[in-house]
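S.K.: Sharing a model that was predicted from the sequence below.
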Amino acid sequence: MTKVFDAYPWLGPLLFVLAFVLAPLVPGGYVLYIFTLVIIYTLASFGTNILTGYTNLISMAGAVFFGIGAYGSAILTMHFGVPLVLSMFIAASIATVVGLLLALPVLRLEEVFLAIATLGFVMISVEIAKSSGDMSGGENGMGAPGPTLFGWALDERAYHVFTAVVLAGALWVARNLARSRFGRGFLAIKGSETAARALGLNTTALKLVAFGVCAFYTGLSGALYAPLVRFIDPSLFSIMVSISFVSMVIVGGLGSILGSVLGAVFVIGAPQLLTYLGFDQFQRALYGVAMILALMFLPDGLASLFKRKRLPGADAAQSGVAR
C-alpha cells in the first residue's frame, strides 16, 4: 500500500475527500456533524501547515484569523444581506489582510519569539471581541444564519457536501502551491533562511505569502464554521483554538498535505467520536494518551504511516543504477 501512496501522493487526500463526500449516507445527525467539523478544521490545518510545516514559522495567531472569518461572514450575512458564499470569501480576504498586517512587524522574529509575539495578538483580539458593540454581540456572542446557497436553504447533508467541495478546491490549490516556486521557496527558508537569501530569494516576500495563505485558509475555515454551529462568541479567538491548529500539523505531519488531513481527523474528530461513543467522562484522558503515543512512536506524524521507509543510501544507489 505504501508503494501506491508513494507513486500517487495525491491519492490519500483524494480518498479522504471522497469518503467525506459520501458521509451523508451515514445515518445520525451528530455523526454527520463530526464529519463536517473535521472538513472545516482541515482547511485551517492546510493553512497552518503551509506556514509552519513549509517555512518553519510558528504562529499562534490562527485563532485571530478563524474568529475574523466566523464573525465577518456572520455580520455580512445578517446585517448587510450579503449572500453566504460571497460573505465567506470576503471574510477570508479580510483575514488575509489582517494576517499580512500582522506579519509585517513580526517577520524579523524567529521560532519561540515569533510564537510569543503572535500570542499577544490573540490576547488582544479576545478583548476586542468582548468589548465590541451590538453588531457582534460583545461578550455574549451572536447568532449566525444557517447555510444558504443562491437563496436556497441547505440542510445538514447539503451543507456537508458544500464544505467537502470547498475542501477539494482548497486541497487542489494547496497541492499546486506546494509544488510551485513559492513552495520551493518556503522549503528553502525552512532549510536555511541565510542560504535562501544567498540564492537570491526574497525571503521577506515569501514569508508574507505564507502568512497570507495561512490567514486565508484559516479565515475561510472560520467562515464555514459559523453557519454550522449557528452561534459564535469571543471564545473563537482563544489560545486553545490556535493550539489545536498547531497540534493538527504536528500530529499529522509537518510539511505534508496528507498530514494536515490526518491531523484534523485525529485532533478534532477523535474527541468528538469518543463523546459520541459514550466516553465523554474519559475523553480528555484517552485523547491525551493517544496523542502522546502518536508523538512518541510517530515523530514524523501520522502521514509517515503512508510513506515507504527506505534504507540509508537507497536513494543514492537508485540514482547510481539509473545512470
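M.R.: The structure has been received and is ready for your questions. Residues are numbered from 1 along each chain as shown.
S.K.: Assign the closest residue to Gly269 other than its chain neighbours to one of the three secondary structure states.
M.R.: Excluding the flanking residues, the one nearest Gly269 by Cβ to Cβ, 6 or more residues apart in numbering is Val38, at 4.5 Å. All C-beta atoms are positioned from the backbone trio N, CA, C, and that covers glycine. Secondary structure for Val38, judged by DSSP: H, G, I helix; E, B strand; the rest coil, is helix.
S.K.: Neighbours of Val38, how many?
M.R.: Val38 is flanked by 25 other residues according to other Cβ atoms under 10 Å.
S.K.: Same check on Glu127?
M.R.: Neighbour tally, Glu127, other Cβ under 10 Å: 11.
S.K.: which residues in the stretch 151-300 of the chain form helices?
M.R.: Listed in chain order, the helices found in the stretch 151-300 of the chain under DSSP state H, counting those that start in this stretch are 156-179, 181-191, 193-198, 203-229, 239-252, 257-264, 270-276, 283-297.
S.K.: Using JSON lines, please lay out the ones you listed together with mean pLDDT.
M.R.: As requested, these are exported to JSON lines (pLDDT from 0 to 100):
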{"stretch": "helix 156-179", "mean pLDDT": "87"}
{"stretch": "helix 181-191", "mean pLDDT": "88"}
{"stretch": "helix 193-198", "mean pLDDT": "87"}
{"stretch": "helix 203-229", "mean pLDDT": "93"}
{"stretch": "helix 239-252", "mean pLDDT": "90"}
{"stretch": "helix 257-264", "mean pLDDT": "86"}
{"stretch": "helix 270-276", "mean pLDDT": "78"}
{"stretch": "helix 283-297", "mean pLDDT": "75"}
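S.K.: right, so of those helices, which gets closest to Asp134?
M.R.: Between Asp134 and those, the tightest spacing by Cβ to Cβ is seen for helix 203-229, at 17.7 Å.
S.K.: for that closest one, packing partners?
M.R.: In terms of contacts (3 or more Cβ pairs under 8 Å, 6 or more residues apart in numbering; DSSP states H and E), helix 203-229 is packed against helix 29-48, helix 54-55, helix 62-80, helix 84-106, helix 156-179, helix 181-191, helix 193-198.
S.K.: Give the buried residues for it.
M.R.: Buried residues in helix 203-229, counted by 16 or more other Cβ atoms under 10 Å: 203, 206-228.
S.K.: Check stretch 29-42 too.
M.R.: For stretch 29-42, by 16+ other Cβ under 10 Å, it's 32-42.
S.K.: so which of the residues you listed comes closest to Phe186?
M.R.: Thr42 (19.5 Å).
S.K.: so how far is Ala170 from that closest one?
M.R.: 8 Å (Cβ to Cβ, to the nearest Å).
S.K.: With Phe279 instead?
M.R.: In terms of Cβ to Cβ, Phe279 sits 32 Å off from Ala170.
S.K.: same check, this time on Ala129
M.R.: From Ala129 to Ala170 the distance is 26 Å (Cβ to Cβ).
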